[in-house]
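Student: how would this look folded up:
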Amino acid sequence: MALERSAVRRTVLSLAVAAAAGGLALPSVAGPSRGGGTSYDVQWVRAATQAAWRQFGDPAFPNPPVPTPTNRLSGWAPQPAGTAQTINLDFGPYVVEAGTDLSRVDFTPAAATGYTTEVHTFVLNADGTKVAGNEVHTHHVHLLEANPNNPDYLDWLTGTGEEMTGGSIAERAKADPKYAAGRRYGIPVTRGKMLGVLSMLHNMTSETRTVYIRFQLRFVFGSHDDIQQAKHLDFHALTPQIFGGTFNVPRTGGRYAWPLQLGGRVRDAGQNHGTMTSNPTPSKLQPGVGVVWTAPYSGTIVVSAGHLHAGGTDAVLSNLGSPSHPCAQRGLAGFPGTTLLDSRVIGHHGVWPSNDYQMGLSQPDWRAYVHKGDRLAINGAYLPRSYAFPDAMVFAGIYVDRSAPPPPGAGCAPFLANHRSATWRKTIATTINHAWSMYPDQPTCAKCDHKEKRPAPGPATDVVHIVDMQYLPGNAGLSGRPAGPPVVTRGDTLTFVNDDYADSLMRHTVSTCTAPCNGMGMMTNYPMYDGNFDSGVLGYMWEDAYVSTTTLPKWSLDTSRLHPGYYTFFCRIHPFMRGAFYVVPKDGRRHSLT
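Tutor: Numbering: from 1, shown residues only. Down below sits the predicted model:
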């Protein structure tokens, strides 16, 4: 039976409202009171409730007219067994208001039984044209399948972030030695089962956008037995698994791997510790080791890739083995167990760090055995030499053929099915997963800043308001009184208040960038956070992908550790937003500010 969306909306919202009304300690809504207890700021609870309504479909915000193309179910009618067809599974339309980064959930029933053998994800305008990532940034998009036996209710099928990871499982079958005998692979889909999409899109512009999310699927119709009878093909169902986490990468001056070096190179505290996500079966965050998933079954991993954010270099997947049968220390230096895969960041046009990149996908004939009880660890390597990377991520996605258990005596090392003598470095190497031309090119810059005279100091104040995507006072381009860079005495507190959140649920950050930080704002590699100070994300969201989110949309900066001088900053969510302020010594001297 089709899932009634209005029921889901009201159930989720009723729980949130009941919790707030009952005074439950919801960390993402509650703020510390002056007396040290828990209190609720009515204004922010109201804004948080409004956020939930909008994301689940507030009747006060009716759905916009349905643009074309819309192929959610059309073209997906059952076909003769073994028929292969490209299906555009569209979710939307979504009205992404100027500057917002709301999460959304949506559902549709699967219209046919079969196997997905290739997936690519796109964000589309209403006319079907592709949206560039520097305009509407895909923080994450995941395709899920309802499973009442999963405590999270949904099983992960496939997903991506801004790098738009996709690829062909069919290519992995073609590289299989048993391909000629009919061996095929796919992600099974059953007619009538509910599919869901969980997405978080950042509108990085100052204009409202109406968009679709498209999963472009290569789909083979029919059940295993029907396909085998009609086409003499033996489809092996692949079981998806994702595990990893979100964390802050401080500026360390050299390589940092999370959570492998957590507690060593970086103190294991607060947002550095991070959060962990795993689906459909659980994993554990183990500082000094990795995010560790213990296999609840045996099988052969047929395809895998990692996920990192800008600033990352390698997502390293390792097999530690079981406690009774540990894997040997073999592979990349410093990483535990046997290295299975080194999913490397591949920057477009060779630019790094940048939000225009791909993650390395395992080679077509790459395989890795996994025994029940084996512990697989994922670690994310970043290079915070000149920058810091808050709200970073590392994830591993693996697809396991559970009908192909390891043969007797199989070890931990991965292998290339058609090149068994390949070196371990060759074996763990990865390749691009789509042609660059599949997505709009995104602009980068080499010499990003330009010379200009520093703006004249503005008013002496201890508050900066963020209004209509401007920092006031202090917004870039403003000089002198009344709205030029504010002047604060060293040791005083400068508070930033995000007024855009209460008005439109728009969230911002205050993140330092190296002065003058005055180049164009729609670059995918600029500006970058220099690690001096960062507010975190100012504003609440029910399904949050950040570890730096603050409950209330305001933040206070203690300037006692800042030297007198000129400081520039930007918004990590809307990089074209820039601001500045001056810090003066306690004697109030201002003659050297400009």
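
Student: count of neighbours near residue 319?
Tutor: Using other C-beta atoms under 10 Å, residue 319 has 30 neighbouring residues. Backbone N, C-alpha and C define where each C-beta goes, glycine included.

Student: got it, and residue 294?
Tutor: Residue 294: 16 neighbours (other C-beta under 10 Å).

Student: just residue 409 next, same as before
Tutor: 5.

Student: quick one: classify it as helix, strand or coil.
Tutor: Judged by DSSP: H, G, I helix; E, B strand; the rest coil, the three-state class of residue 409 is coil.

Student: for it, report the pLDDT, please.
Tutor: Note on residue 409: pLDDT of 92.

Student: so how far is residue 372 from it?
Tutor: To residue 372, residue 409 is 16 Å away according to C-beta to C-beta, to the nearest Å.

Student: which helix or strand contains residue 230?
Tutor: Using DSSP states H and E, residue 230 sits in helix 224-231.

Student: and the contacts of that helix?
Tutor: By C-beta atoms under 8 Å, 6 or more residues apart in numbering, the surrounding residues in contact with helix 224-231 are 80, 81, 82, 115, 182, 220, 222, 233, 234, 235, 237.

Student: just checking, next helix/strand downstream of it?
Tutor: Counting by DSSP H and E, what follows helix 224-231 is strand 234-249.

Student: phi and psi next, for the closest residue to residue 330 other than its chain neighbours.
Tutor: Closest residue in space to residue 330, ignoring its immediate chain neighbours: residue 338 at 4.7 Å, by C-beta to C-beta, 6 or more residues apart in numbering. The phi/psi pair for residue 338 (degrees, to the nearest 10) reads phi -100, psi 120.

Student: tally up the residues packed near residue 338, please.
Tutor: Residues near residue 338, counting by other C-beta under 10 Å: 24.

Student: wait, it touches residue 326, no?
Tutor: No: in this structure, residue 338 is not within contact of residue 326 by C-beta atoms under 8 Å, at 9.5 Å.

Student: the helix holding residue 230 relative to strand 234-249, how many degrees between them?
Tutor: 130 degrees (axes from the mean of the first three to the mean of the last three C-alpha atoms, to 10 degrees).

Student: what count of nearby residues applies to the spatially closest residue to residue 522 that is not a sequence neighbour?
Tutor: Among residues not flanking residue 522 along the chain, residue 134 sits closest, at 5.1 Å (C-beta to C-beta, 6+ apart). By other C-beta under 10 Å, the residues close to residue 134 number 23.

Student: repeat that for residue 351.
Tutor: By other C-beta under 10 Å, neighbour count at residue 351 equals 18.

Student: equivalent analysis for residue 405, please.
Tutor: Neighbour number of residue 405 under other C-beta under 10 Å is 16.

Student: between the two ends of stretch 184-193, how far is it?
Tutor: Terminal residues of stretch 184-193 lie 23 Å apart, using C-alpha to C-alpha, to the nearest Å.

Student: in that stretch, which residues are buried?
Tutor: Applying a neighbour-count criterion of 16 or more other C-beta atoms under 10 Å, one finds 184, 185, 186, 187, 188, 189 buried in stretch 184-193.

Student: report the beta-bridge partners for the fifth one.
Tutor: On the basis of DSSP bridges, residue 188 takes part in beta bridges with residue 115.

Student: do a quick rundown of the helices in the stretch 301-450 of the chain.
Tutor: Applying DSSP state H, counting those that start in this stretch to the stretch 301-450 of the chain gives helices spanning 424-428.

Student: out of the buried residues of stretch 184-193, who's nearest residue 546?
Tutor: residue 187 (29.0 Å; C-beta to C-beta).

Student: show me the contacts for the residue lying closest to the closest one once chain neighbours are set aside.
Tutor: Distance criterion C-beta to C-beta, 6+ apart; nearest residue to residue 187, sequence neighbours excluded, is residue 116 at 4.4 Å. Residues in contact with residue 116, defined by C-beta under 8 Å, 6+ apart, are 157, 158, 169, 186, 187, 189, 217, 218, 219.

Student: what is the most widely separated pair among these?
Tutor: Every pair of the contacts of residue 116 checked by C-beta to C-beta; the farthest is 157 and 218, at 14.1 Å.

Student: out of these two, which sits in the busier spot?
Tutor: Set residue 157 next to residue 218 and count neighbours by other C-beta under 10 Å: residue 157 wins out with 25 against 18.

Student: in what helix or strand does that one lie?
Tutor: Assigned by DSSP H and E, residue 157 falls in strand 154-160.

Student: just confirm residue 117 contacts residue 186, I think it does.
Tutor: Yes: counting by C-beta under 8 Å, residue 117 touches residue 186, with 4.8 Å between them.

Student: list residues touching both of these two?
Tutor: 169, 220.

Student: just give me the neighbour total for residue 537.
Tutor: By other C-beta under 10 Å, the burial measure for residue 537, its neighbour count, is 26.

Student: surely it touches residue 548?
Tutor: Yes: counting by C-beta under 8 Å, residue 537 does reach residue 548; the two are 5.5 Å apart.

Student: now for those two: what residues contact both?
Tutor: Both residue 537 and residue 548 are in contact with 391, 509, where contact means C-beta under 8 Å, 6+ apart.

Student: that older thread, buried only: go through the contacts of helix 224-231 for me.
Tutor: 81, 82, 115, 220, 222, 233, 235, 237.

Student: go through these and say which is closest to residue 484.
Tutor: Using C-beta to C-beta, those come closest to residue 484 at residue 115, 61.5 Å.

Student: so for residue 29, what's the pLDDT?
Tutor: On pLDDT, residue 29 comes in at 27.

Student: buried residues, stretch 549-559. List them.
Tutor: The neighbour-count check on stretch 549-559 (16+ other C-beta under 10 Å) flags 549, 550, 551, 552, 553, 554, 555, 557, 559 as buried.

Student: okay, who's weakest in these by pLDDT?
Tutor: Of all the buried residues of stretch 549-559, residue 551 has the smallest pLDDT value, namely 73.

Student: any idea how far that residue is from residue 499?
Tutor: Noted for residue 551: a distance of 16 Å to residue 499, by C-beta to C-beta.

Student: repeat for residue 354
Tutor: 31 Å.

Student: worst mean pLDDT across the helices and strands of this structure, which element?
Tutor: Lowest mean confidence among the helices and strands of the chain (mean pLDDT, DSSP states H and E): strand 31-32, at a mean of 25.

Student: residue 172 in helix, strand or coil?
Tutor: Quick answer, by three-state DSSP: residue 172 is helix.

Student: so it sits right up against residue 401, yeah?
Tutor: No: applying C-beta under 8 Å as the test, residue 172 and residue 401 come out as separate, 9.8 Å apart.

Student: neighbour count: those two, which is higher?
Tutor: For residue 172 versus residue 401, neighbours defined as other C-beta under 10 Å are more numerous around residue 172 (26 against 20).

Student: tell me the SS of the residue nearest to residue 509 when sequence neighbours are not counted?
Tutor: Using C-beta to C-beta, 6+ apart and skipping the chain neighbours, the partner closest in space to residue 509 is residue 572 (4.5 Å). Following three-state DSSP, residue 572 is assigned to coil.

Student: so residue 572 makes contact with residue 392?
Tutor: No: counting by C-beta under 8 Å, residue 572 stays clear of residue 392, with 11.5 Å between them.

Student: hang on, the earlier thing: mutual contacts of residue 172 and residue 401, please.
Tutor: Among the neighbours of residue 172, those also in contact with residue 401 (C-beta under 8 Å, 6+ apart) are 185, 302.

Student: same for the helix or strand that contains residue 583, what does it pack against?
Tutor: Using DSSP H and E, residue 583 maps to strand 578-584. Using 3 or more C-beta pairs under 8 Å, 6 or more residues apart in numbering; DSSP states H and E, the elements in contact with strand 578-584 are strand 487-489, strand 565-570.

Student: that'll do, ta.
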